[in-house]
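Q: Pasting the sequence and the predicted model now:
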Amino acid sequence: MTAETARRLTARDYKSALKPVWCPGCGDFSILSAITMAMAEIARPPEEVAVISGIGCSSRVPAYTNCYGFHGVHGRALPLATGLKLSRPDLLVIAAGGDGDGYSIGGNHFLHACRRNVDLTYIVMDNQVYGMTKGQPSPTTPPEWDSAMVPGGTGLRPFHPLVIALAAGANFVARAFSGDPSGTAQILVDAIRHPGFSLIEILSPCVTFRPEEREWAKQVHPAAVEETGDRAQAARRVLTDDGFNTGILYCGDRAPYQPAFAASGMEPAGGGAAGNADFDMEFRP
Amino acid sequence: MTAETARRLTARDYKSALKPVWCPGCGDFSILSAITMAMAEIARPPEEVAVISGIGCSSRVPAYTNCYGFHGVHGRALPLATGLKLSRPDLLVIAAGGDGDGYSIGGNHFLHACRRNVDLTYIVMDNQVYGMTKGQPSPTTPPEWDSAMVPGGTGLRPFHPLVIALAAGANFVARAFSGDPSGTAQILVDAIRHPGFSLIEILSPCVTFRPEEREWAKQVHPAAVEETGDRAQAARRVLTDDGFNTGILYCGDRAPYQPAFAASGMEPAGGGAAGNADFDMEFRP
Amino acid sequence: MTQAETQKRASVPDATTALASPTIAFAMLGSGGSGVMTAAEILLRAAARAGYFGLMTKSFGPQIRGGEAAAFVTLSTQPVETQADQVDLLFAIDWKNAGRFAGELQLSTDTLVISGEAGAELPDIATAPRPRLEEINLKALTRSHKGTRPNMVALGAVAGAIGLPRDAIADLVQERLSKKGEAAMAQGLTAVDLGFDEAANFALAQLAPAPEDTPRWIISGNQAAGYGAIRGGVRFAAAYPITPATEILEWLAPRLQKIGGLLVQAEDELASINMIIGGSFGGAAVLTATSGPGLALMSESIGLAVAAEIPLLVIDVMRGGPSTGIPTKSEQSDLNIAVYGLHGDAPHVVTAPNSISDCLFTAQWSTHLAESMQVPAIMLSDQSFGQALGIVEKPAELAFATRRAVAEAPGQDYQRYALTATGVSPMALPGTPGGQYTADGLEHSETGTPSSGVADHNRQLEKRLRKVVDFEYGDHWAQIEGDGTAAIVTWGSATGPVRQAMRRVDPEGRRLRLISLRLISPAQPARLARALAGCSQILVVEQSQMAQFFGYLKAQFELPPMADLYARPGPQPFRAAEIAAKLEEWLS
Amino acid sequence: MTQAETQKRASVPDATTALASPTIAFAMLGSGGSGVMTAAEILLRAAARAGYFGLMTKSFGPQIRGGEAAAFVTLSTQPVETQADQVDLLFAIDWKNAGRFAGELQLSTDTLVISGEAGAELPDIATAPRPRLEEINLKALTRSHKGTRPNMVALGAVAGAIGLPRDAIADLVQERLSKKGEAAMAQGLTAVDLGFDEAANFALAQLAPAPEDTPRWIISGNQAAGYGAIRGGVRFAAAYPITPATEILEWLAPRLQKIGGLLVQAEDELASINMIIGGSFGGAAVLTATSGPGLALMSESIGLAVAAEIPLLVIDVMRGGPSTGIPTKSEQSDLNIAVYGLHGDAPHVVTAPNSISDCLFTAQWSTHLAESMQVPAIMLSDQSFGQALGIVEKPAELAFATRRAVAEAPGQDYQRYALTATGVSPMALPGTPGGQYTADGLEHSETGTPSSGVADHNRQLEKRLRKVVDFEYGDHWAQIEGDGTAAIVTWGSATGPVRQAMRRVDPEGRRLRLISLRLISPAQPARLARALAGCSQILVVEQSQMAQFFGYLKAQFELPPMADLYARPGPQPFRAAEIAAKLEEWLS
Ligand SMILES: Cc1ncc(C[n+]2csc(CCOP(=O)(O)OP(=O)(O)O)c2C)c(N)n1
Ligand SMILES: Cc1ncc(C[n+]2csc(CCOP(=O)(O)OP(=O)(O)O)c2C)c(N)n1
Ligand code: SF4
Ligand code: SF4
Ligand SMILES: [Mg+2]
Ligand SMILES: [Mg+2]
């Protein structure tokens, strides 16, 4: 028996013992399952995977995996993940969070992460609401949705994450639905394997603040067409679809951004040391 | 002679006495002229116009006009302008600044201003560099441009403001060139008159840190096709053009976002007053 | 020990008939969906109608929704500023995960514990202090009475046990259920009656008759803050939701709409602070509300408002820190960032309410200060005010002679940042002919033109400091009570527990003096010196690990070297017993 | 008055032959494109090669580029820590807008003013103090010698007037022009010679012979900070440009690249701080550099690093505040935000270099502190260090026994936030089997699981405070010089002017004592008490309107009540004469 077969990994190996704080019926449970299923298929040992998030119900996900995790501050999952990946190219780095975290407060990082195209997989659990703060509209919330904070609804055209991702340069764009964990897992596997920045927008009902989203189960359907490598075509397609088209919608070929980084790897930092003769030279008058 | 004709406004009426700090030859001079020419054509009295900016060479523009101005902090021109316009719908509000201010640190507000579609005109003087801080790449800088801060160039696909604006919901999108102040002024007039959020991306050479941009004068040309109201068509067009196509590229019909605001107008704030009987009632047990 | 308990101990430990007590505290527990909060709120409201004072605080497990919940309620004939040290009555609709409330729930041998679950195994927290244990079989009762719900039976039982008038309860239950039709109303009343009947079996001190003087309000600190701001003139708000400040926004949004104002939900805190700066530049009185993480994000732009002289009200509802910390619990640890968190020398105003209803006054006053001085004011409320419901006296209607100094008819020589005697320069509002200027965060001359000159920097710095230091704040700067020679200096939500502890330790009010600062910054050293005149002992009380308030007092005042300190972090709220014990020790 | 001037006054006011002076200061002025900076830098470099110490500071008009510029240079046989009070020589290539430097340029009757513009009308600043006026007709000279440039002639004239060796100048001119070919080199040398010849007509004290002990470096504070960080182990950086910190980044970017590290330009400061948190979580020693506005934006996430225990070095190069303030001038007014600007109780480290070359040491040490304690360290440099070029002694090579405590082989019971004796818990780096944990900014248990429990909050708060308070900082916490009974307590860039003033007022070093804090926070009260032992007078000196350092000392130390204060804002730099006058007054 080789060392490899000795450690045949299953989804369970990627799940932690912590009980999620999510409401019974929350879509995020199935996404957690999909993530761990995808991990098992990718089969990188859990310690070589890092799951990075911001704040929100969905952003609780890192601690429910058995990987390294970082539950940072609201909206900053992507720069956290970027800094980790750039200085630790050996790791598999996944960023995850909600529609508020990613598209509202985190919108700038989303734009620039798409553009920068670091080899990250970004999972957005989109429930079209701020769950954690108890029900305010997010950028993806329909304009007429009434709430205490925005009585009568925002009246605003929802933010279209897939179109923005395509416009900003993301290298892989997909839509999934939490109600289909194995389909979602399959998309995740492809996203992780695809080099560069991958966005997987996952519809994930918030049963507490948007109970009507239970209906999504009836509305989603697999994309009728094959994935494309043509950004403009992909954009046109998602612009005109009904928002419930699941599957891989775009698969690009931009080279990921990964400047050489040889300094740390697994070496702990800070070996405060002597100078560098070259640098010393510069300061000679 | 009526009161109206008594005050026939010229571009000069919109210019302040302050001498710009810009380098001789900077593209921003002509943009300042274009702005004042456009104002004269619009003919709102200067005191009814507010010019709002962030920080950068270009963001110095408010004080060079004879309008009300706000030179805020880096990257926040759009929320400043939004707050002003929402609470003072009677004013003509213009936001202005650079590519760093608007697309790098201000990227999130740019996204959300396009989506919110408040009746603002946003002028970006794009020199594809950080001028004020002496020459670092901005999101629109070509990938190979070498600089001290990013030796060898960023290697990143430039940010495409027009495509992002279209994807995010801007209601009017145009490109202009500082070397053509009267053409730029004409576009500005249309942008200001158009309801909702208008983006005018103006190529404006930085003669100091990007002297090669003087060549732009030879490269720009008017868009060969008419403006369109079809967002997807406009996006396809700007995605495939050469980046030097000037003119109005998109003109939409989204209704601007302007919830009723009747509270202040020109009334100075803070008349700390008695309670409201309705609100008092709620607290009765 | 509450006064209620003291009395009970003395007179009725074994009595079977109930005696009167001026204060009674109870808790209701239950797992997800058990409806404890509804029941407790109806009880609170009934008590308010009957003329009592009261306080209700809520606690939840980590589950986003549907987890275990506990309501803590103290009712009294006197104003209630903190939960009683121990509950007189605990009603558990069920015991699922009840252990999680261990730190918050204090029972004694005198506590009456009613288990709503027949034959349940009770957790340690319910049995360890050896309280009186009783049982009401909610399942059996509700099964045998169609349509009745366990929480309504519990409500009736609690009301009966503590002597709340059945009529007030019945009215409220009917109001609540009126939309659900006659049958539901009747079932609700049946449930309440079942509870009342069960309660007849238990002896417990009953609430003493309520005073019948002033009308009562039920209000949370967050509602009070929002309403205070409206009274202060605020009409435009922009904000991003955050616990525990969201309720300010959710209360304000529809009400601003109603009176011609507006609240915008911004994309983030950087946007919200800048939106209100824009609104204020245009002439509106403005507000944002947030908590520590949001305040941190806003700090750069609050500095802009200092430099550009823009009035703002920024409400920080503090929670446990640092970082994301403990969003649902209280702490007084944002004092430093509020006072010192802006870069450069950036004088501004920091205020703090000292009770739930003072959130109304302080928000109104803070708006007045901001507008009068053209400066940002940060009001430090906290979770223990914001998310608690208090029965309070209807707050007085107060008007400040606020008026932003506006340049009505600016002449040729108009200078936005003119050096005036008060340091406040009339502001030209956009739309005013001749007043055009550019507001700037760069250092500037009197006209607003950027300047790095020595003279301009010195003059503008001096002006901006002077206007807030020399302002006449009047008596509102602090709440001062008593004239003993031992002074307790405190602020914010520590005030209530300190006051209640003082009443116990010094019931005649001869030895102690309370000084609670409402104006945190700029410091008022002369006023504090006067307030402390004749004191031989000073104790500073605050809820912060690093003793931020104490450090601030040392820095900004000539605090006598004998000043003592009682500081500890949250999330455990201060209770009167804890402070009283500290006071006893300190005085001895 | 500089020492040079004192000597001249005494001995050579009217002499025509030049005498030796240990210190000479000069300024060069010119409008856009006149090349004053190049000329002044060559002079500085020549002086360094000759073994002198020196300091060069630059000043520009408001124009982004091409506006008027002034270079100020002080050269000496002794270390130079601040510009001389007055210049001995002013060379104006032209006088366009020279008036703008009024506040910065101090002439005396002994100053030699050389106008490079024939027959020009001189501005007040050049004539008011009635200095000696001379003229060199640069236009005529350069016209008559093909290819020569005015600034090179000026350079020769200044070198000749103050006695810098012609050979060193010639070498440098040739090195600079070598890429432009033989002809250019020859023309350069001709220009320099023209200048030297002209200078022969003017009498001025010449620089005394240079000491020939240690090798010299020419370095700016920003370069020194960057290099110190590299020496400390920093390999990953993310940042957003901002004046006056950008040069740190621009120096680091190519050098990190060279040694296998990386600097990323982020989209904003929120991204840069989070990128380095990510990098540090992964195991790299990391840095960002910014100025006040950027620090304000980073404060929320610095708090995250406190809570999640992530080592970071954040360099704040301070500039005039508040808000955008005065980006190109110096001030010590970010002390408060650095120490107190995080929400909640968030213990961290704040350090400050006390000279240009100490920027190197302090950056290296700060990295060591951050890594050793797993905490963010904020280093407060300022514009006056960052953008000035100093000729300094080559800094010593120092190594700290830094090692981040890493869990090499975490077992089953691994707890990321374990309560250890030192408060520092070994960190498992991603990739390490068995060490998986989730770093969290929410309050957490020892494992990292979110917890709002009282015990967890108290324990984790206590641990995070203890690890930074109990750390053994050694002697580096302050720079202490002299043992007089009158102590001056200061920090950062105020140190140099204070030290030079002390030498003047107390040349024998008997009365005064200097205590300059390098470790600002956590406070070291016992150490400061020891350092102050025997003092009967204390004076605090700082460059901040609101006396932030003084307030901090009062809050965190038992500062004796007799402590005096000399505080004023920027942008005017401290000069030795100003401090010396204050010291005289204070001591009398
Ligand atoms: C700086 C800051 N602002 C606001 C918050 C409050 N907050 C926490 S989660 C959240 C929104 C969560 O929405 P989303 O990202 O969609 O996650 P969900 O809970 O819906 O999964 C907000 C506004 C915060 N923690 N920090
Ligand atoms: C918070 C903050 N970060 C950084 C800066 C420094 N800064 C000033 S202007 C600028 C970039 C300007 O670039 P751009 O907006 O393109 O304007 P330009 O000067 O090119 O016209 C930067 C980074 C700042 N002032 N504030
Ligand atoms: S509130 Fe909504 S998103 Fe949050 S856990 Fe509950 S169901 Fe899920
Ligand atoms: S640096 Fe560039 S953008 Fe700035 S003023 Fe000069 S030319 Fe214009
Ligand atoms: Mg959501
Ligand atoms: Mg630019």
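A: In hand now; what should we look at? Ligands and ions are numbered 1, 2, ... in the order given.
Q: all helices for the stretch 451-588 of chain C, in order.
A: Assigned by DSSP state H, counting those that start in this stretch, the helices in the stretch 451-588 of chain C fall at C:454-469, C:495-505, C:525-531, C:548-556, C:576-587.
Q: now those as JSON lines including mean pLDDT and mean neighbour count?
A: (Glycine included, C-beta is placed from N, CA and C.) Shown next, in JSON lines, are the helices of the stretch 451-588 of chain C (pLDDT from 0 to 100; neighbours: other C-beta atoms under 10 Å in any protein chain shown):
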{"stretch": "helix C:454-469", "mean pLDDT": "97", "mean neighbour count": "19"}
{"stretch": "helix C:495-505", "mean pLDDT": "97", "mean neighbour count": "24"}
{"stretch": "helix C:525-531", "mean pLDDT": "96", "mean neighbour count": "15"}
{"stretch": "helix C:548-556", "mean pLDDT": "97", "mean neighbour count": "24"}
{"stretch": "helix C:576-587", "mean pLDDT": "97", "mean neighbour count": "18"}
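Q: Any idea which of those gets closest to ligand 2?
A: helix C:454-469 (17.4 Å; C-beta to the nearest ligand atom).
Q: Give me the contact status of the closest one with chain D.
A: Yes. Residues of helix C:454-469 are located near chain D by C-beta under 8 Å from any C-beta of the partner chain, namely C:Val454, C:Ala455, C:His457, C:Asn458, C:Leu461, C:Glu462, C:Leu465.
Q: surely the fifth one meets C:Ala346?
A: No. The pair C:Leu461 / C:Ala346 is not scored as a contact, 9.6 Å apart, by C-beta atoms under 8 Å.
Q: Now stretch A:278-285: buried residues?
A: For stretch A:278-285, burial by neighbour count (16 or more other C-beta atoms under 10 Å in any protein chain shown) applies to A:Phe279, A:Asp280, A:Phe283, A:Pro285.
Q: now the helices of the stretch 451-588 of chain C as CSV including distance to C:Gly195?
A: Listed next are these as CSV, based on distance: least, C-beta to C-beta, whole Å:
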stretch, distance to C:Gly195
helix C:454-469, 56
helix C:495-505, 30
helix C:525-531, 50
helix C:548-556, 45
helix C:576-587, 30
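Q: C:Phe49 and chain A, how far apart?
A: Actually, residue C:49 is Arg. It isn't Phe. Using C-beta to the nearest C-beta, to the nearest Å, we find C:Arg49 at a distance of 25 Å from chain A.
Q: show me the residues around that residue that make contact.
A: B:Pro285, C:Ala168, C:Asp171, C:Leu172, C:Arg216 (C-beta atoms under 8 Å, 6 or more residues apart in numbering or on different chains).
Q: looking at those, which has the most residues close by?
A: C:Arg216 (24 neighbours; other C-beta atoms under 10 Å in any protein chain shown).
Q: and C:Gln545, what does it touch?
A: Applying C-beta under 8 Å, 6+ apart, the residues near C:Gln545 are C:Ser333, C:Ala567, C:Arg568, C:Pro569, D:Asp345, D:Leu461, D:Glu462, D:Leu465.
Q: is the top helix by length along chain A anywhere near chain D?
A: Counting residues, the longest helix in chain A under DSSP state H turns out to be helix A:28-42. No. Figure legend: helix A:28-42 not in contact with chain D (C-beta under 8 Å from any C-beta); closest approach 12.3 Å.
Q: Only alpha carbons, please: show that helix as PDB.
A: The C-alpha trace of helix A:28-42 is given here as PDB (Å, rounded to 0.1, in the frame of the first residue of the first chain):
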ATOM      1  CA  ASP A  28     -25.500  27.200   3.000                       C
ATOM      2  CA  PHE A  29     -25.600  23.700   4.500                       C
ATOM      3  CA  SER A  30     -25.700  22.100   1.100                       C
ATOM      4  CA  ILE A  31     -23.000  24.400  -0.100                       C
ATOM      5  CA  LEU A  32     -20.800  23.200   2.700                       C
ATOM      6  CA  SER A  33     -21.400  19.700   1.600                       C
ATOM      7  CA  ALA A  34     -20.700  20.600  -2.000                       C
ATOM      8  CA  ILE A  35     -17.400  22.100  -1.000                       C
ATOM      9  CA  THR A  36     -16.300  19.100   1.000                       C
ATOM     10  CA  MET A  37     -17.400  16.800  -1.900                       C
ATOM     11  CA  ALA A  38     -15.400  18.900  -4.300                       C
ATOM     12  CA  MET A  39     -12.400  18.800  -2.000                       C
ATOM     13  CA  ALA A  40     -12.500  15.000  -1.800                       C
ATOM     14  CA  GLU A  41     -12.500  14.800  -5.600                       C
ATOM     15  CA  ILE A  42      -9.600  17.300  -5.800                       C
END
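Q: In which helix or strand does the closest residue to C:Val286 other than its chain neighbours reside?
A: With C-beta to C-beta, 6 or more residues apart in numbering or on different chains as the criterion, C:Val286 has its nearest non-adjacent residue at 3.9 Å, and that residue is C:Ile276. Element membership for C:Ile276 (DSSP states H and E) is helix C:269-281.
Q: Just list what that helix packs against, helices and strands only.
A: Helix C:269-281 sits against helix B:77-87, helix B:107-116, strand C:234-239, strand C:285-290, helix C:292-308, strand C:312-318, with contacts defined as 3 or more C-beta pairs under 8 Å, 6 or more residues apart in numbering or on different chains; DSSP states H and E.
Q: looking only at pLDDT, what's the mean for it?
A: What helix C:269-281 shows for mean pLDDT is 98.
Q: Could you check the angle that helix makes with helix B:107-116?
A: Relative orientation of helix C:269-281 versus helix B:107-116 (axes from the mean of the first three to the mean of the last three C-alpha atoms, to 10 degrees): 70 degrees.
Q: By average pLDDT, which secondary structure element in chain C comes out worst?
A: The weakest-scoring helix or strand in chain C, judged by mean pLDDT, DSSP states H and E, is helix C:3-11 (a mean of 37).
Q: Sounds good, over and out.
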